[in-house]
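Student: here's my sequence, what's the structure:
(chains A, B, C and D)
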Number of protein chains: 2
Amino acid sequence: MKKSLTPSLLLDEQLCFALYAASRRMTAAYRPLLDALDLTYPQYIVMLVLWEQDGVTVRELGERLQLDSGTLTPLLKRLEQAGLLGRHRRLSDEREVEITLTDAGHTLRERAEDVPRCLAEKLCMSADSFTRLRDQLKTLATQLAASTDQESK
Amino acid sequence: MKKSLTPSLLLDEQLCFALYAASRRMTAAYRPLLDALDLTYPQYIVMLVLWEQDGVTVRELGERLQLDSGTLTPLLKRLEQAGLLGRHRRLSDEREVEITLTDAGHTLRERAEDVPRCLAEKLCMSADSFTRLRDQLKTLATQLAASTDQESK
DNA sequence: GAAAATTATATTGCGCACAATTAAATTTGA
DNA sequence: TCAAATTTAATTGTGCGCAATATAATTTTC
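Tutor: Model (predicted):
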């Protein structure tokens, strides 16, 4: 059967809605696991970055996660309040705020080690489909970023 | 090369982050198109449902979009304020609130007709990849919903 | 037919996202 | 050198998402 040439307004045909719904489902699937660590999903991905590379600035964190300071500043303050990290102006350039993990922040990593495996079990997906889907989504995001940037030519 | 058997905490290997980032990019790609219609992305998908089926209840809308009344009630009030729809208790069962499009709400559909095509152009994706990715995401969402529901056994 | 359970929506509160603005530090360049 | 431009965070305001609770209507059950 020939694919319709005129994209429709039907909800079930939209890629955007499939993406939006799947993303919220994914966050919901993480919730019980992250509740045990007292983290929200956005806080978790911030911690993922910090566990990889401690001492990054808010700007670097924002570039990595594609989030701006309006989102990150209050989120980081909550993680600071929770005792997981510290926020300090850099001496070399006082416009920058460097984020450093506390001992508690480093320790939490061990308790998080099981999260990816627990989630993988919920997916019921082969390692291949997992990788393929992930990479398709990365490509899509890159493509959308490119055409959105181009707009503000 | 053998796929690692122990899922890592590396950000770039996470399916969840690829999904989360792609979903936000997608919403960002819609933004300039929807700004012209004075709609946000969540408001747009509500309108998609209503253009398909007018006179649904908040509950039916919530089931379709997987959103609860805490999200929908204020969103619907904003669309009512904008003159696109009306909210009325059903006479048959006064617990239910029925959403009906106004003339302006129906008319907006015509101006929205071009949105899917405009967005499709930003994707640079074959109709096949589009459909395949969309259906993979639907499957993923279904699987996650199933295993999340099961948790509250 | 009245109490108990269920259903549907609304409300409240918190935590993102993101646009727009502000403020402060640094860099650039005439 | 010093004023203008740029860079970096923080702040403000709006609109989701979603959990928890409240309220009101309906259905069930005895």
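Student: CA atoms for contacts and neighbours, from now on please.
Tutor: Fine.
Student: enumerate the residues of chain A near DNA strand D.
Tutor: Contact residues, chain A versus DNA strand D (CA under 7 Å from any atom of the strand): A:24-25, A:27-28, A:57-60, A:69-74, A:87, A:95-98.
Student: from these, which ones fall inside strands?
Tutor: Of the residues of chain A next to DNA strand D, the ones assigned to strands by DSSP state E are A:Thr57, A:Arg87, A:Val97, A:Glu98.
Student: residues in contact with the residue lying closest to the first one once chain neighbours are set aside?
Tutor: Computed as CA to CA, 6 or more residues apart in numbering or on different chains, the closest residue to A:Thr57 that is not its neighbour in sequence is A:Glu98, at 4.3 Å. A:Glu98 sits next to A:Gly55, A:Val56, A:Thr57, A:Val58, A:Arg87, A:His88, A:Arg89, A:Arg90 when contact means CA atoms under 8 Å, 6 or more residues apart in numbering or on different chains.
Student: JSON lines for these, including distance to DNA strand C, neighbour count and pLDDT?
Tutor: Below are these laid out as JSON lines (distance: CA to the nearest atom of the strand, whole Å; neighbours: other CA atoms under 10 Å in any protein chain shown; pLDDT from 0 to 100):
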{"residue": "A:Gly55", "distance to DNA strand C": "17", "neighbour count": "18", "pLDDT": "96"}
{"residue": "A:Val56", "distance to DNA strand C": "17", "neighbour count": "16", "pLDDT": "97"}
{"residue": "A:Thr57", "distance to DNA strand C": "14", "neighbour count": "19", "pLDDT": "97"}
{"residue": "A:Val58", "distance to DNA strand C": "13", "neighbour count": "20", "pLDDT": "97"}
{"residue": "A:Arg87", "distance to DNA strand C": "15", "neighbour count": "19", "pLDDT": "97"}
{"residue": "A:His88", "distance to DNA strand C": "12", "neighbour count": "13", "pLDDT": "97"}
{"residue": "A:Arg89", "distance to DNA strand C": "9", "neighbour count": "13", "pLDDT": "95"}
{"residue": "A:Arg90", "distance to DNA strand C": "8", "neighbour count": "13", "pLDDT": "94"}
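Student: before we move on, the earlier item: from the residues of chain A next to DNA strand D, keep the buried residues only.
Tutor: A:Arg24, A:Arg25, A:Thr27, A:Ala28, A:Thr57, A:Val58, A:Arg59, A:Leu72, A:Arg87, A:Glu96, A:Val97, A:Glu98 (16 or more other CA atoms under 10 Å in any protein chain shown).
Student: now do A:Gly70 against chain B, distance only.
Tutor: Taking CA to the nearest CA, to the nearest Å as the measure, A:Gly70 falls 15 Å from chain B.
Student: next one: A:Arg95
Tutor: Separation of A:Arg95 from chain B (CA to the nearest CA) stands at 26 Å.
Student: same deal with A:Thr57?
Tutor: From A:Thr57 to chain B the distance is 17 Å (CA to the nearest CA).
Student: could you do A:Val49 as well?
Tutor: Applying CA to the nearest CA, the value for A:Val49 to chain B is 7 Å.
Student: so how far is DNA strand C from that residue?
Tutor: Counting by CA to the nearest atom of the strand, to the nearest Å, the gap from A:Val49 to DNA strand C is 14 Å.
Student: need the per-residue pLDDT for that residue.
Tutor: Confidence at A:Val49, expressed as pLDDT, is 98.
Student: name the nearest residue to the residue positioned nearest the centre of chain A, sequence neighbours excluded.
Tutor: Centre of chain A computed as the mean C-alpha position; nearest residue by CA atoms, centre = their mean is A:Ile45, 4.6 Å away. Closest residue to A:Ile45 apart from its sequence neighbours, by CA to CA, 6+ apart: B:Leu11 at 7.1 Å.
Student: tell me the contacts of the one you found?
Tutor: By CA under 8 Å, 6+ apart, B:Leu11 lies in contact with A:Ile45, A:Leu48, A:Val49, B:Phe17.
Student: from those, which is closest to DNA strand C?
Tutor: Of all those, DNA strand C sits closest to A:Ile45, with 9.1 Å by CA to the nearest atom of the strand.
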